[in-house]
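> Below: sequence and its predicted model.
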Amino acid sequence: MKYRPLLKLKKGMILGQDVLNGSGKVLMKEHRILDEEAIRNLEEWGFPGVYIDDSFTESIEIDTVIRPQIQAEALKLISNMYTTPQDKIVEKEKDKTVEEEEKRIRDMVQDIVGDITSDGDVMYNLLNLKNYDEYVYYHTLYVTMMSVHIGIRLGLSRDELNDLATAGLLHDIGRKFVDGHLQELKRPLAPEEMREIRRHVEEGTEFVGSNFHFSKDVVKAIQDHHENFDGTGYPNRLKGDKISIYARILHVADVYDALITKKPYRSEFRPADAMEYLMASDGQEFDPDIIQLFVDWVAVYPVGSEVRLSNGQTAIVEENYPHFPLRPRVRVVETGEEMDLRSDMSALSVVIVEMVKGDLFSSEMHDF
Ligand SMILES: [Fe+2]
């Protein structure tokens, strides 16, 4: 399987994976042969690209991080959580939904953390396949998966990973209680609109803290997820280790995933460029130790992506090695030969120049 940006899709290509909407519903089945209408639909739905099956990349398997059906169920749970109208504080005797919701979240967290911990020592290799209309649901899931992946490398216990995943699923739940139309604007926000959006932190903290029985650490993580390491974040301008460790992880995953996501008003960053941005802000926005784990364990050239090499050839990434983010094993498109950039002597002078993208690179920064 390989990843194809939308603009490089052609009639006759075969879809390698189900395409899901933000609520986990299948919009297009895997193995479908793409025709003009299907390509037009993918474009309309706002997907940046899809995985394609072909004989050249048949042996390349994409690690979905969690099982596809768990992914679909998680999207459904998240979209329900974020859309069901709820009062900020629910009277528990009258309303069983909060209790049921808490159980559903706890069960989902077990599934997500279970799947990721059973994966072993692998790089995080997911490319973003979100559409922008329901961006927030995919975003929430991807931030959660990436955070758990990093939490494992940090040596967190299973209980701690569960708390981290819970905070991941709920970190932006306060968006329910801020002006909805602001979140749908297809342009960068004005300062006063930004202030309104930022209230989602207080709203989310209060909602989770007063309605659920999750640990205090989960609530603190939600409260701190926009704090910056150097004390310039919000809402409390906390610094360094005063910021919850879960929040320090979520903050990096949140910004990274926002950058690599296509927005209606700007195209997505390539993962390598997003990683550059993180590294440039380490010690300021982000905890340097967390950034180091990201660099070592999150693939900037995920498996299946097409890259341009310094020798003029193009190649598909086959495997990534932890700690060697820029030296994956690749298969050269022009010759079919395999090249291990980490260990082949003949490949020592070859570097990856860039990921092949169907869109113009944008230098605009993330929104909030
Ligand atoms: Fe947030």
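Received, thanks. What you are looking at is a predicted structure, and each value in this text was computed from that prediction instead of being measured.
> Show me the helices in the stretch 1-150 of the chain, by range?
36-45, 68-83, 97-117, 135-153 (DSSP state H, counting those that start in this stretch).
> Buried deepest among those helices, which one?
Across the helices of the stretch 1-150 of the chain, the average number of neighbours (mean count of other Cβ atoms under 10 Å) peaks for helix 135-153, which reaches a mean of 24. Where C-beta positions appear, they are placed from N, C-alpha and C, glycine not excepted.
> angle of whichever helix or strand comes after it against helix 135-153?
Downstream of helix 135-153, the first helix or strand assigned by DSSP states H and E is helix 158-170. Angle between the axes of helix 158-170 and helix 135-153 is 160 degrees (criterion: axes from the mean of the first three to the mean of the last three Cα atoms, to 10 degrees).
> What's the mean pLDDT across helix 158-170?
Taken as a whole, helix 158-170 has a mean pLDDT of 98.
> Output the helices of the stretch 1-150 of the chain in a markdown table; the columns should cover distance to residue 183 and mean pLDDT.
Output for these, formatted as a markdown table (distance: least, Cβ to Cβ, whole Å; pLDDT from 0 to 100):
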| stretch | distance to residue 183 | mean pLDDT |
| --- | --- | --- |
| helix 36-45 | 18 | 91 |
| helix 68-83 | 10 | 89 |
| helix 97-117 | 21 | 93 |
| helix 135-153 | 7 | 93 |
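> can you tell which of those is closest to residue 221?
Smallest distance to residue 221 across those (Cβ to Cβ): 9.5 Å, for helix 135-153.
> From the contact counts, what lies against that closest one?
Using 3 or more Cβ pairs under 8 Å, 6 or more residues apart in numbering; DSSP states H and E, the elements in contact with helix 135-153 are helix 68-83, helix 97-117, helix 158-170, helix 245-259, helix 288-297.
> ok, back up a step: now tabulate the helices of the stretch 1-150 of the chain in a markdown table and tack on distance to residue 247.
Output for these, formatted as a markdown table (distance: least, Cβ to Cβ, whole Å):
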| stretch | distance to residue 247 |
| --- | --- |
| helix 36-45 | 32 |
| helix 68-83 | 19 |
| helix 97-117 | 17 |
| helix 135-153 | 10 |
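> which one of those helices lies closest to residue 187?
helix 135-153 (14.3 Å).
> That closest one versus helix 245-259: what angle between them?
Using the same axes, to 10 degrees: helix 135-153 against helix 245-259 is 130 degrees.
> now helix 135-153 against helix 68-83, angle please.
Using the same axes, to 10 degrees: helix 135-153 against helix 68-83 is 120 degrees.
> Go ahead and produce CSV holding the CA coordinates of helix 135-153.
This file holds the C-alpha atoms of helix 135-153, laid out as CSV (Å, rounded to 0.1, in the frame of the first residue of the first chain):
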residue,chain,number,x,y,z
TYR,A,135,-11.5,17.5,11.7
VAL,A,136,-12.0,17.6,15.4
TYR,A,137,-13.0,14.0,15.9
TYR,A,138,-10.1,12.5,13.9
HIS,A,139,-7.8,15.0,15.5
THR,A,140,-8.9,13.9,19.0
LEU,A,141,-8.3,10.3,18.2
TYR,A,142,-4.9,10.9,16.5
VAL,A,143,-3.8,13.1,19.4
THR,A,144,-4.8,10.3,21.8
MET,A,145,-3.0,7.6,19.9
MET,A,146,0.2,9.6,19.4
SER,A,147,0.2,10.6,23.1
VAL,A,148,-0.2,7.0,24.3
HIS,A,149,2.6,6.0,21.9
ILE,A,150,4.9,8.6,23.5
GLY,A,151,3.7,7.8,27.0
ILE,A,152,4.9,4.2,26.6
ARG,A,153,8.4,5.5,25.6
